[in-house]
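Novice: Give me the fold of what follows.
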Amino acid sequence: MESASILRYLEGKTILVTGGTGFLGMVFLEKILRVQPDVKKIYLLLRSSDTKSATKRMNNEIIGKELFRVLREKCGADFQSFISEKVVALPGDVTSENLGIKELKQREQMCSEIEIIFNCAATTNFDERYDIALDVNTFGVLHAMNFAKKCLKLEMFLHVSTAYVCGERGGHLLEDSSSIDEMVKEMTKFDFEAVEKKLVKEKLNELKAQDASQEVITNTMKDFGIERAKVYGWPNTYVFTKAMGEIFLGRLKETLPLVIIRPTVVTSTYKEPFPGWIQGFRTIDSVIASYYKGKLPCLLIDPMIVFDMGTVKFENVQIPVDMVVNSIIAAMAVNANKYSGIIYHIGTSLRNPIKFCDIHDIVFKYCTENPWINQDGTIVKAGKLTMFKTMASFHMYMQIRYMLPLQF
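Specialist: Okay, the predicted model is just below:
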């Protein structure tokens, strides 16, 4: 489908966005407003106590970002009035029934207007507290889907998952549900929602009875998430709860016009609205920052591997967020009013693979030409990173380099 056709599809549409304060949600919002100013309305679901605080949060945490610089310049003095006309800051929460939208009149109006739902609300921490990850990544999907079924004009429900629900498998992975089919079969034998909610409640009650500190509760619930993920055969809480969200969608979608997007590691903008915009430290960013500051002399990784993140073996390089958003918008337009439940993987390693050693060379060149300067004025000279293919070689290095000197 040509870009002009996609833009025509978005014209006059009313869209609900969950996860609007997230990285992907913000870039999606900016893109729609910039390329299709004739969109009718965008509801932004934001965790807030009321409309006033939701609007304040939208202005401070979304619209006020540097990301909206190009749109702000394009609109000039009309920027704020344009935002007020097109965007509705809506207090609510995906962890609640009816998305936490309390007013019946508001819900009825939305259900009569909304044509597209973009569900990207998620917690992306690999070791998130289990209760939080379940509420957002799994049961939050249920709440969003149940709300979608009430929308009379709905043409598209697009859910953002992750490529890593494919599990610890190598090779080419199909854009289908095969990676979670076994789990689907298992779930027919018991009520997953009831079982896991009961376990979470029991664990929290146990900690409360022990008068545990907030820190202890947080750490315990993080460990519990990893434990439950491994029981079901997943490497971490994030991937597990996202996979469960997909499973619920597949089981309960009925005639919902559903598309599932599975991006790999989402990184900074490539071109739009300008190169290099990112929010906070994401995935490999902390590794690069540590190396840049001279804090990371070595890394356990095969330098020849096509770049991958996390513990999975799905070889996929990072992909710029604007490319992901472009794919999402195209998928919406192409699949509107279709009930296939199609899945798209969004990555680049098949057509444009990049090895970790190549990334290292690029980063090393940048660090050499633009060295980090400490607060005391000293310049950090980044050296070549020592990379270990195996845990055994890494342990040997640590033993010789750090442990043995301590014995003398």
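Novice: so how far is stretch 355-365 from its chain's centroid?
Specialist: Distance of stretch 355-365 from its chain centroid, counting by C-alpha atoms, centre = their mean, to the nearest Å, is 25 Å.
Novice: Next, the buried residues of that stretch.
Specialist: 356-357, 359-360, 363 (16 or more other C-beta atoms under 10 Å). Backbone N, C-alpha and C define where each C-beta goes, glycine included.
Novice: Over to stretch 291-308?
Specialist: Buried, per 16+ other C-beta under 10 Å, within stretch 291-308: 291-292, 294, 296, 299, 301, 303, 306-308.
Novice: Stretch 366-380 now?
Specialist: 367, 372.
Novice: before we move on, what about stretch 47-54?
Specialist: 47-48, 54.
Novice: got the end-to-end distance for that stretch?
Specialist: 7 Å (C-alpha to C-alpha, to the nearest Å).
Novice: can you list the residues that contact that stretch?
Specialist: Contacts to stretch 47-54, defined as C-beta atoms under 8 Å, 6 or more residues apart in numbering, come from residues 44, 46, 56-57, 89-93, 100.
Novice: Mark which of these are buried, thanks.
Specialist: 44, 46, 57, 89-93, 100.
Novice: Among those residues, which are located in strands?
Specialist: 44, 46, 89-91 (DSSP state E).
Novice: between these, which is nearest Glu30?
Specialist: Leu44 (12.0 Å; C-beta to C-beta).
Novice: Identify the residues contacting that closest one.
Specialist: Residues near Leu44 by C-beta under 8 Å, 6+ apart: 17, 20, 29, 54, 58, 62, 87-90.
Novice: now the lowest-mean-pLDDT helix or strand in the chain: how far from the chain's centre is it?
Specialist: Lowest on mean pLDDT, DSSP states H and E among the helices and strands of the chain sits helix 181-187, with a mean of 71. In terms of C-alpha atoms, centre = their mean, the centre of helix 181-187 is set 24 Å apart from its chain centre.
Novice: Then stretch 50-68?
Specialist: Centre to centre, stretch against its chain (C-alpha atoms, centre = their mean), the figure for stretch 50-68 is 20 Å.
Novice: now for that stretch, what's the gap between its first and last residues?
Specialist: 24 Å.
Novice: May I have stretch 297-304 as CSV, with CA atoms only?
Specialist: C-alpha atoms of stretch 297-304 as CSV (Å, rounded to 0.1, in the frame of the first residue of the first chain):
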residue,chain,number,x,y,z
PRO,A,297,36.5,-3.5,29.9
CYS,A,298,35.0,-6.8,28.8
LEU,A,299,31.7,-8.4,27.8
LEU,A,300,30.4,-12.0,27.6
ILE,A,301,29.3,-12.2,23.9
ASP,A,302,30.3,-13.8,20.6
PRO,A,303,31.6,-10.9,18.5
MET,A,304,30.4,-12.7,15.3
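Novice: How about the secondary structure of Ile343?
Specialist: strand (DSSP: H, G, I helix; E, B strand; the rest coil).
Novice: What about it, how many residues nearby?
Specialist: 20 (other C-beta atoms under 10 Å).
Novice: any idea how far it lies from Glu155?
Specialist: Using C-beta to C-beta, to the nearest Å, Ile343 is found at 18 Å from Glu155.
Novice: How about Leu71?
Specialist: 25 Å.
Novice: next one: Trp277
Specialist: 30 Å.
Novice: Tell me the backbone dihedrals of Ile83, please.
Specialist: Backbone geometry at Ile83, expressed as degrees, to the nearest 10, gives phi -60, psi -40.
Novice: How about the contacts made by Leu33?
Specialist: 39, 42, 71, 82-83, 86-87.
Novice: Among these, which lie within helices?
Specialist: Those of the contacts of Leu33 mapping onto helices are 71, 82-83, 86, per DSSP state H.
Novice: how about Lys381, secondary structure?
Specialist: coil.
Novice: what's the closest non-adjacent residue to it?
Specialist: Closest residue in space to Lys381, ignoring its immediate chain neighbours: Pro371 at 6.3 Å, by C-beta to C-beta, 6 or more residues apart in numbering.
Novice: Quick one: residues contacting Gln210.
Specialist: Per C-beta under 8 Å, 6+ apart, neighbours of Gln210: none.
Novice: Between the buried residues of stretch 47-54, which sits nearest Asn219?
Specialist: Arg47 (23.6 Å).
Novice: before we move on, back to that, please tabulate the buried residues of stretch 47-54 in a markdown table, including the columns distance to Asn125 and pLDDT.
Specialist: As requested, those are exported to a markdown table (distance: C-beta to C-beta, whole Å; pLDDT from 0 to 100):
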| residue | distance to Asn125 | pLDDT |
| --- | --- | --- |
| Arg47 | 17 | 95 |
| Ser48 | 22 | 94 |
| Ala54 | 24 | 96 |
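Novice: Looking at the residues you listed, which one is closest to Ile261?
Specialist: The closest of the buried residues of stretch 47-54 to Ile261 turns out to be Arg47 (C-beta to C-beta; 22.7 Å).
Novice: burial count for Gly250?
Specialist: 16.
Novice: wait, doesn't it sit right on Gly341?
Specialist: Yes: with contact defined as C-beta atoms under 8 Å, Gly250 reaches Gly341; the gap is 6.7 Å.
Novice: Find the nearest non-adjacent residue to Pro273, please.
Specialist: Closest to Pro273 by C-beta to C-beta, 6+ apart is Val70, at 3.9 Å.
Novice: Give me the distance between that neighbour and Arg34.
Specialist: Taking C-beta to C-beta, one finds Val70 at 7 Å from Arg34.
Novice: next one: Lys13
Specialist: 15 Å.
Novice: Which one's more surrounded, the two?
Specialist: The residue with more neighbours, out of Lys13 and Arg34, is Lys13; 23 against 15, by other C-beta under 10 Å.
Novice: What residues does that one make contact with?
Specialist: Taking C-beta under 8 Å, 6+ apart, we find Lys13 in contact with 39-40, 115-116.
Novice: Leu296 now?
Specialist: Taking C-beta under 8 Å, 6+ apart as the test, what Leu296 contacts is 287, 290, 385.
Novice: Tell me the one of those residues nearest Tyr232?
Specialist: Val287 (28.4 Å).
Novice: nearest residue to that closest one other than its sequence neighbours?
Specialist: Leaving aside its chain neighbours, Val287 sits nearest to Leu296 (6.7 Å; criterion: C-beta to C-beta, 6+ apart).
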